[in-house]
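Asks: everything below, folded, please.
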Amino acid sequence: MEECSLAAGEQGGTSDLPINNLNGGPETSRRTIRGVAEIEEIERLDYSQAVPVRSTHALLSRSAELYGDHKALIYLPNGRADDEAETWTYRQLLSSVNRTANALRALGVTREDAVALLLPSSPETVVAFFAAQAIGRVCPINYMLSADHIAELIEHSGAKVAVVLGPDPAFPIWEKIPRIRALAPRLEQVLTVGEAAEGAPKLGDLALAQSAEPAFDADIDPDAIASFFHTGGSTGVPKLVRHTHRNEVHVAWFAGMFYDVGPQDVFVNGFPFFHVAGSIVLAGAAIAAGAATLIPSRLGMRNPDFVRDYWKIVEKYDVTVLSGGPTFVSTLVGTSNGDHDISRVKALFGGGSPMPGELAARFEKRFNIALRSIYGMTEAAGLVSLVPRHAQRVPGSSGWPLPFCEVQTFALGGDGRPDPTRPLARGEHGAIAIRGANVSPGYSNARLSQDAFMEGGWLATGDTGRIDPDGQIFVLGRSKDVIIRGGHNIDPLVIEEALMHHPDVELCAAVGEPNRYSGELPVAFLKLKTGRSASPQEVLDAVRQRIPEPAAVPKQLYVIEEMPLTTTGKVFKPALRREAVERALLREFRELLPPGLDIALACREELGQRKVTISLAQGEATEDARRLISEHMSMLSMPFDFATL
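Replies: Next comes the predicted model:
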């Protein structure tokens, strides 16, 4: 396999300072992970030597002790280069976290209680996140979900306190609170950030009345639950992933070693904090390294002013670490850095959904910045493997697993699940399973945990792929139904349940169709009842309000005569996924190619990976058509070949 020759910049990174373990005893220094040799060296250590902190609060305390006056947070209120930035040092951040944790404790929050967060990104969100973990559990929730869905998540988490953005015309969050309180009787107290609201004290005011020293036991059991993260699954029930402190510290500690960062670095973090990428893979890793996190407004990467000023901001704030999924990287490729000095940038670390090799190559060529891929999932605290900054990028590779994280492929059983009795050799394509210190102990719903874990403690990821002889992971497909749109997991059942409320719909199924910007977009197939004739648009208009989040609204509805079924009467989704690929690509090719050109598509699925054969009629335009199609397909993570009609 051809390697990319672009190496990441060589600015200084991981600190090698000998430092004291805040939990007592000496700790080994942090080191740069360049490849498998360093990973094996770390794994020869006792775990307590390799990872010397026991909780996220200890992680922050360590950096406050070592780098107290260094910048921890840089906040651009409007996401513009000419903003007057708000800055927080590590000492200030720890002080605010302690005050806020003390305030929550005074309200009765204990180690067994959760604090729900309905907040866009801001320094106050960072404080609330780590404060809630210091005295209990945090449950950051996507505030764009419907009030009913949010209430259900709050009930399942057991949250007794919610921290919510106050009334704000740009974020319709506060308007959902009356409905949420009516549906979530466990919720005892609502606190606000931002504008004050009647009956909801401001969290900041409560915190200012507290001491900056912990009034709580800061020696936290590493196996205590630190958080609940919502992830879209394919079960139709609320899916809250439990993280321990060990899970989150493990990812934060080692991610920075792969990134090769230290206290002189600046991360730009436009992900929301209800996503593990924003809160753990980036913010947590920055804290572990003593680096600064730049938050580009409450909208993050969705802020058009931030996108417009992106390279100006990178230059002005000496940003060294970029991040983003395929959608954002594609947007950046369409921008120009002009004459801005971006020489301090070390790399862009991308994940959320597979990064097309051609997109990565275009980004690297355009900006002379290395792009390194990440493979993660909420159930692994956001990170399974990644390509180290100093390693060569191999197209399709997601790099090596974190230290103390095992990855294994298994043959699929007759039920479509990994067979724990049939592990595969390296190089063989199968179902990917993981286990290790970063892997969640399970879901808040015990049945979901039982379904997800295999014999031997392996967690079935739902992905398929192979592990190369040198240990690098190649994710090639997916064996589960979840739709991943720009790194955001969408449960197809929430779409299907909404569609089934329409009186004309007899059967339906939601799947993902390929999209070169978002990876996948949700679409749905409908079979109408006999004698009914509702149009796709009529169906969608009637049920749209029942779909709990805008990202899950199907981009296309296809009415079909017969729904493919298994012998047991279940909808056979592999056939629909193949049809979705064929419909999407044909639609795009007809816009791309000259009119009248004969073309046919056939999609097949092997071990969760979709592959396409594109058939063209012979003629003078064939070669040009092949070139245009090849360029288009290079932006999708989908193998293809050509045939002749």
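Asks: contacts only, for A600.
Replies: For A600, the contact set (CB atoms under 8 Å, 6 or more residues apart in numbering) comprises I614, S615, L645. To be clear about C-beta, it is placed using only N, CA and C from the backbone, and glycine gets the same treatment.
Asks: shouldn't the second one be in contact with L645?
Replies: In this case it means S615. Yes - if you go by CB atoms under 8 Å, S615 and L645 touch, sitting 4.9 Å apart.
Asks: quickly list what's touching both of these two.
Replies: Joint contacts of S615 and L645 (CB under 8 Å, 6+ apart) are I599, A600.
Asks: in terms of neighbours, single out the busier of these two.
Replies: Each of S615 and L645 has its neighbours counted (other CB atoms under 10 Å); S615 has more, 14 against 10.
Asks: now do the contacts for A151.
Replies: Listed by CB under 8 Å, 6+ apart, the contact set of A151 reads R179, I180, A182, L183, A184.
Asks: actually S385, sorry about that
Replies: The contact partners of S385, taken as CB under 8 Å, 6+ apart, are I374, Y375, S398, G399, W400, P401, L402, C405, V407, Q472, I473.
Asks: could you save the contacts of A600 as TSV and add columns showing pLDDT, secondary structure and distance to S48?
Replies: TSV is the format used below for those (pLDDT from 0 to 100; DSSP: H, G, I helix; E, B strand; the rest coil; distance: CB to CB, whole Å):
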residue	pLDDT	secondary structure	distance to S48
I614	92	strand	55
S615	91	strand	59
L645	82	coil	64
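Asks: sketch out the low-pLDDT regions of the stretch 301-450 of the chain for me.
Replies: Applying pLDDT under 70 to the stretch 301-450 of the chain flags the ranges 352-354, 414-416.
Asks: what are the ranges of the strands in it?
Replies: 321-323, 347-350, 370-375, 385-386, 400-401, 405-412, 418-423, 430-436, 442-443 (DSSP state E, counting those that start in this stretch).
Asks: out of those, which is closest to V559?
Replies: strand 405-412 (32.0 Å; CB to CB).
Asks: same question for that closest one: list its buried residues.
Replies: Using 16 or more other CB atoms under 10 Å as the test for burial, strand 405-412 gives C405, V407, Q408, T409, F410, A411, L412.
Asks: circling back: nearest to T110 among the strands of the stretch 301-450 of the chain would be which one?
Replies: Closest among these, once you apply CB to CB, is strand 442-443, at 21.5 Å.
Asks: partners of that closest one, with directions?
Replies: strand 240-244 (antiparallel) (DSSP bridges).
Asks: next helix or strand past the partner strand?
Replies: helix 245-259 (DSSP states H and E).
Asks: model confidence over that following helix, on average?
Replies: For helix 245-259, mean pLDDT rounds to 98.
Asks: thinking again about what came up before, for ChimeraX, write a command that selects the buried ones of the contacts of A151.
Replies: Filtering those down to the buried ones (16+ other CB under 10 Å) takes a single ChimeraX command:
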select :180,183,184
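Asks: what's the closest of the contacts of A151 to E155?
Replies: Distances from E155 to the contacts of A151, taken by CB to CB, are shortest for A184, at 5.1 Å.
Asks: could the strands of the stretch 301-450 of the chain go into CSV alongside distance to L117?
Replies: Shown next, in CSV, are the strands of the stretch 301-450 of the chain (distance: least, CB to CB, whole Å):
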stretch, distance to L117
strand 321-323, 21
strand 347-350, 24
strand 370-375, 24
strand 385-386, 26
strand 400-401, 30
strand 405-412, 27
strand 418-423, 34
strand 430-436, 27
strand 442-443, 19
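Asks: which one, of the ones you listed, ends up nearest to R546?
Replies: Of all these, strand 442-443 comes closest under CB to CB, at 24.3 Å.
Asks: pull the distance from the closest one to the chain's centre.
Replies: Relative to its chain's centre, strand 442-443 lies at 17 Å (CA atoms, centre = their mean, to the nearest Å).
Asks: can you list the residues that contact it?
Replies: Contacts of strand 442-443 (CB under 8 Å, 6+ apart): K239, L240, V241, R242, L448, S449, A452, F453.
Asks: would you list the residues you listed in a markdown table and tack on neighbour count and distance to P123?
Replies: Formatted as a markdown table, the contacts of strand 442-443 follow (neighbours: other CB atoms under 10 Å; distance: CB to CB, whole Å):
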| residue | neighbour count | distance to P123 |
| --- | --- | --- |
| K239 | 24 | 29 |
| L240 | 23 | 26 |
| V241 | 25 | 25 |
| R242 | 19 | 26 |
| L448 | 18 | 34 |
| S449 | 16 | 34 |
| A452 | 22 | 35 |
| F453 | 21 | 37 |
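Asks: could I get the residues you listed as JSON lines with distance to G108?
Replies: Output for the contacts of strand 442-443, formatted as JSON lines (distance: CB to CB, whole Å):
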{"residue": "K239", "distance to G108": "28"}
{"residue": "L240", "distance to G108": "22"}
{"residue": "V241", "distance to G108": "25"}
{"residue": "R242", "distance to G108": "22"}
{"residue": "L448", "distance to G108": "29"}
{"residue": "S449", "distance to G108": "28"}
{"residue": "A452", "distance to G108": "33"}
{"residue": "F453", "distance to G108": "34"}
